[in-house]
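Enquirer: Mind looking at a prediction? Sequence and model below.
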Amino acid sequence: MRFDTAVIVGGSISGLLTAAAIKDHCNKIEILDKDAIPQELSSTSRKYVPQAQHAHLILAGGETAMESLVPGLRKLALEEGAVLLDATRDWYSCFQEGMLPTYRSDISTLCISRALLETLLRKLILENSDNIVFKDSVRVQQIELGEGQHRVIYTSKGETISRAADLAVDARGRGSDAKKLVEEKGIHVKSEIVKPFIGYTSAWFNMPLNLPGNKRGLIVMARSPNNPTGAVLVPVEEGRYVLTCFGFNRNYPPETWHEILEFTRSVRDTVIYEAIKEAKPHTIKVFHKDVNYFHRFAKNRDWIDGFLVVGDAISSFNPIYGQGMATAAIASVRLNEILHTAQDTRTLQQVLTDTYKDPWIVSGNEDLRWSGTEVENRPFGLAAIHTMGDRIARAATIDKEVTTAYVKVLHMLERPTTFFHPKILLKIFSSQKVKQENSARV
Ligand SMILES: Cc1cc2nc3c(=O)[nH]c(=O)nc-3n(C[C@H](O)[C@H](O)[C@H](O)COP(=O)(O)OP(=O)(O)OC[C@H]3O[C@@H](n4cnc5c(N)ncnc54)[C@H](O)[C@@H]3O)c2cc1C
């Protein structure tokens, strides 16, 4: 497919990656963002992406996808001080069913602040394309959907401008009203909502911390039904660390340093408390996220020619599982691939929407382990799904082959169907006996 002018509303992760995906299929691309965007590389988070003040893990599948669309990203990130960790060797991973074994898996995790990641993506994408223009401090008032030709109305320096686009892309994140826009055109959009009532508090350190052994990042997950809280400690550029504490079931983490320290002592494993107890953070930030949603755009036959919705504007999950940016990146890669053969925008939107299905199901099912999570319809067979999930997580603490499969699925390198491979399935069931025997011996 080919477009003359594409206008992308929102210049954050999904707006940028969409531009990279479509650039060879458009004569001109304009990215518009209402924020004041720093021109130079920056680790400072900006006003309209407040989530950047919290730990942002790039799942390995997401980083692979970003690198394929934006070659050189990893190299530049490492030059700027990002930290590359092996997912099983370098992370201390206290997961739902216990510790993951320590060994080299060659599944790499790039640890970088969200703010720096975004500035690196923007730099590489703009430097390597001569048909993309990025305009910041530009607030889009309206996306007017027409018949194949749309208009994007925005204000810039007090002036109102109306830009014609034969491809309009909504990358406005959680604040997008794309569902309303599409429904005003008479197209029903089925939406699902899950309310996990989760809270985040993050603290930033610019000093060395006391991590155990050779470990360089620490994760302590919550475990239903009795341990609704957890924390993660991530190294990022400039020798800094970000600690993010979280709690399900309205167990919102506290906001003062003294209480945060106590919070890390109260989670299932005190490894993070031990690492930070002598330290002092320079910044503390709080975030509550009550509602997750999935808008199934273009599920049915109808769609609007020349209109796409991407990123969090399609779906926003519980951030605990770190899937948001990875899903946006994988969706952009698929968009890039399908552009060569697709005949209409509906096919493009279906591919984008479909990419969100797996992560939505995985995160939603996990959220539903908590009694306080609200949902309209509980999925059929949820108890069996949870039992199977527990078995997989348990086997991942014992058998390295299952651990690798588990980590690959968590990192979106493989689909959850991997667990149904006969060899992995056999290992999952045989390791239950080992775990029971070990527990009986203790
Ligand atoms: C606390 C928290 C922690 C998270 N942790 C992780 C993690 O560890 N790993 C991970 O992968 N994901 C994580 N996520 C999810 C991740 O932040 C999102 O999935 C990702 O930011 C989505 O990118 P986006 O570009 O779709 O939207 P956003 O990043 O929200 O960007 C939307 C952009 O649109 C612009 N905009 C909005 N309205 C207008 C307008 N009218 N005119 C012009 N511009 C406009 C905004 O300025 C902004 O730049 C986390 C989310 C939260 C809340």
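Expert: Everything's here; your move.
Enquirer: Quick check: chain neighbours aside, which residue is closest to residue 111?
Expert: Distances taken as C-beta to C-beta, 6 or more residues apart in numbering place residue 83 nearest to residue 111, at 4.3 Å, with adjacent residues excluded. To be clear about C-beta, it is placed using only N, CA and C from the backbone, and glycine gets the same treatment.
Enquirer: how about the residue most central in space within the chain, phi and psi?
Expert: In the chain, the centroid-proximal residue (C-alpha atoms, centre = their mean) is residue 324; its distance is 2.0 Å. Dihedral pair for residue 324: phi -60, psi -50, per degrees, to the nearest 10.
Enquirer: just residue 103 next, same as before
Expert: According to degrees, to the nearest 10, residue 103 has phi -160, psi 170.
Enquirer: which residues sit in contact with it?
Expert: Applying C-beta atoms under 8 Å, 6 or more residues apart in numbering to residue 103 gives the contacts 88, 89, 400, 403.
Enquirer: Any residue of stretch 43-63 touching the ligand?
Expert: Yes: Stretch 43-63 is in contact with the ligand by C-beta under 6 Å from any ligand atom, via 48, 49, 51, 54, 55, 56, 57.
Enquirer: In the stretch 101-250 of the chain, which residue sits closest to the ligand?
Expert: residue 173 (2.6 Å; C-beta to the nearest ligand atom).
Enquirer: Next, the distance between the ends of stretch 70-85.
Expert: 21 Å (C-alpha to C-alpha, to the nearest Å).
Enquirer: Return the set of buried residues in that stretch.
Expert: Neighbour counts over stretch 70-85 (16 or more other C-beta atoms under 10 Å) mark 70, 73, 74, 76, 77, 80, 81, 82, 83, 85 as buried.
Enquirer: Which of those fall in helices?
Expert: Using DSSP state H, the subset of the buried residues of stretch 70-85 located in helices is 73, 74, 76, 77.
Enquirer: can you pull the contacts of the residue nearest to the centre of the chain?
Expert: 13, 311, 312, 316, 317.
Enquirer: Once you drop chain neighbours, what's closest to the residue of the stretch 101-250 of the chain closest to the ligand?
Expert: residue 312 is the one closest to residue 173 (C-beta to C-beta, 6+ apart), at 4.3 Å.
Enquirer: tell me the mean pLDDT for the strand or helix carrying residue 260?
Expert: Using DSSP states H and E, residue 260 sits in helix 257-266. What helix 257-266 shows for mean pLDDT is 97.
Enquirer: which residues make contact with that helix from outside it?
Expert: Contacts with helix 257-266, where a contact means C-beta under 8 Å, 6+ apart, come from 201, 203, 229, 231, 243, 245, 253-254, 270, 272-273, 276-277, 280-281, 284.
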